[in-house]
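S.K.: predicted model follows, preceded by the sequence.
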Amino acid sequence: MKTPAEWLQDALGYRCGDPSLLDAALTHRSAGGPNNERLEFLGDAVLNCVVARLVYREYPSAPEGELSRFRASLVSGESLAVIAAELGLGDHLKMGSGELKSGGFRRKSILADGFEALLGAIYLDGGFDAVAQVIERQFLPRLDRLPTAAELKDPKTRLQEALQARSLPLPVYAVESISGEAHNQHFLVSCRAELLGLRAEGEGASRRGAEQEAALKVLEQLGDALKQLTKRPGESKP
């Protein structure tokens with residue numbers, strides 16, 4: 001098996017001058033002692049800056065809102081986890097025995113955080129230009145696979161715009177229940193488009209995530225409901 005330094009050079013084309021930075025970037029907090037959380041914080045900031053510059057350059061006519069959605073899609077946890085998995089980052093993470101047994105090296109959140117920590121380490125080791133080159137090599141080819149700006153709007157925004165376009169009342173969200181410990185909560189949220197008689201529930205680890213899921217379910221029902229709303233009085237249902 002390759003050493004972390006060999007893997008880094010092969011996977012990202014970067015030779016790390018300070019092995020201690022690379023070691024810290026690949027150490028999950030479950031391993032005890034110094035870990036990659038501070039480097040993750042730094043890498044997140046650098047990544048957002050470089051990707052913002054990238055989409056600004058590659059989409060010269062896009063307004064601010066579209067640029068924000070492009071960036072958010074590229075740096076989402078899901079996207080970063082995919083990149084980390086493709087690079088084989090999980091094979092080089094140091095974790096405690098509990099995390100290893102539970103498959104932590106495959107967990108999306110751990111992979112995404114590890115990738116950001118790696119970028120933080122590269123920034124400290126080689127400077128902004130070095131990490132920018134690494135980031136652009138990973139993200140530039142992914143621009144061609146980005147959905148359109150409209151497709152990247154989150155479900156809550158799409159639902160709101162669909163209702164507003166028809167002069168219908170905005171959806172109403174309500175927290176139905178919250179369960180779990182304070183550090184690991186689970187939300188159940190409802191979304192109602194009352195005039196259309198639509199209601200759906202969503203679940204998630206955050207209120208926002210649950211609201212997005214509920215909004216998506218209402219969106220999926222919206223087409224048929226609007227058809228019924230626009231039927232002429234006395235027109236029979238199919």
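M.R.: Perfect, I can see it now.
S.K.: list the buried ones in stretch 1-9?
M.R.: For stretch 1-9, the neighbour count (16 or more other Cβ atoms under 10 Å) marks P4, W7, L8 as buried. Any C-beta I mention is one placed from the backbone N, CA and C, and that applies to glycine too.
S.K.: doesn't the second one lie inside a strand?
M.R.: No: in this structure, W7 is helix, not part of a strand, as judged by DSSP: H, G, I helix; E, B strand; the rest coil.
S.K.: my read: it touches H92, true?
M.R.: Yes: with contact defined as Cβ atoms under 8 Å, W7 reaches H92; the gap is 5.7 Å.
S.K.: can you show me the helices along this protein?
M.R.: Using DSSP state H, the helices of the chain run over residues 4-12, 19-25, 37-58, 64-74, 77-87, 97-101, 108-126, 128-139, 155-164, 207-229.
S.K.: what does the longest one contact?
M.R.: Outside helix 207-229, the residues within contact range by Cβ atoms under 8 Å, 6 or more residues apart in numbering are 154-156, 158-159, 162, 166, 171, 173, 175, 187-193, 195-204, 237.
S.K.: low-confidence ranges, the protein, go.
M.R.: 149-152, 226-238 (pLDDT under 70).
S.K.: domain-wise, how is it divided?
M.R.: 4-145, 155-229 (automatic domain parsing).
S.K.: buried deepest among these, which one?
M.R.: domain 4-145 (a mean of 17; mean count of other Cβ atoms under 10 Å).
S.K.: how far is that domain from where the chain is centred?
M.R.: Relative to its parent chain, domain 4-145 has a centroid offset of 13 Å by Cα atoms, centre = their mean, to the nearest Å.
S.K.: just the terminal-to-terminal distance for that domain.
M.R.: Counting by Cα to Cα, to the nearest Å, you get 30 Å between the two ends of domain 4-145.
S.K.: same check, this time on stretch 80-99
M.R.: 20 Å.
S.K.: hmm, who's touching it?
M.R.: By Cβ under 8 Å, 6+ apart, stretch 80-99 touches 1, 4, 7, 11-12, 23, 26-28, 30-32, 104-106, 108-112, 114-116, 118, 138.
S.K.: what does stretch 44-52 give?
M.R.: With Cβ under 8 Å, 6+ apart, stretch 44-52 has contacts from 67, 71, 74-75, 116, 119-120, 123, 128, 131-132, 135-136, 139.
S.K.: now stretch 53-73
M.R.: 48, 51-52, 74, 79, 132, 135-136, 139-140, 143, 146-147, 149, 152-153.
S.K.: how far away is R29 from Y123?
M.R.: Plainly put, R29 is 20 Å away from Y123 if you go by Cβ to Cβ, to the nearest Å.
S.K.: same question for V172.
M.R.: 44 Å.
S.K.: excluding its backbone neighbours, what's nearest V46?
M.R.: With Cβ to Cβ, 6 or more residues apart in numbering as the criterion, V46 has its nearest non-adjacent residue at 4.9 Å, and that residue is Y123.
S.K.: what's the answer for R137, then?
M.R.: Closest to R137 by Cβ to Cβ, 6+ apart is G13, at 6.7 Å.
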